[in-house]
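In: let's see this in three dimensions:
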Amino acid sequence: MAKKDSRNDRRQRRHARVRQNVFGTPEKPRLSVFRSTKNIFVQVIDDVNGTTLAAASTLDPDIKEKAAYGGNKAAAKLVGEKIGAVAVEAGIKTVCFDRGGYLYHGRVKELADGARASGLEF
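Out: Numbers count the residues shown, from 1 in each chain. Got it, this is the predicted structure:
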């Protein structure tokens, strides 16, 4: 009898399919999202050189003091605004969005909206 895949196994397979088409370059890096139950993490990645150019999460001290809980849409919007500000400061204007196999809904959508509000273009 075959073992049933967990929700995370299915998400990782979706993410692998998306990653076949989404690739970050130095000119247009990849904005990668990881979501846990209590926090949300985002990185701007240059896949050519294998480097992280910018990162933000709900565990950052400035976001942690504004958002009491990191697993909601308000905290995700703060993380999106911060990653947008950090990326624009680093000279990054456009990114390709990698939703990490998650639905573009809820916290992932709020993060993307916050990043757009800070000046990033997808």
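In: from the centroid of the protein, which residue is nearest?
Out: Closest to where the C-alpha atoms of the chain average out (CA atoms, centre = their mean) is Val33, at 2.4 Å.
In: quick one, what contacts that residue?
Out: Neighbour list for Val33: 40-42, 97-100, 102, 108, 111 [criterion: CB atoms under 8 Å, 6 or more residues apart in numbering]. Using the backbone N, CA and C atoms, a C-beta is placed for each residue, glycine as well.
In: out of these, which comes closest to Asn49?
Out: Each of the contacts of Val33 was scored against Asn49 by CB to CB, and Asp98 proved nearest at 16.6 Å.
In: what count of nearby residues applies to the closest one?
Out: Using other CB atoms under 10 Å, the number of residues around Asp98 comes to 24.
In: repeat that for Ala117.
Out: Count around Ala117 with other CB under 10 Å applied: 13.
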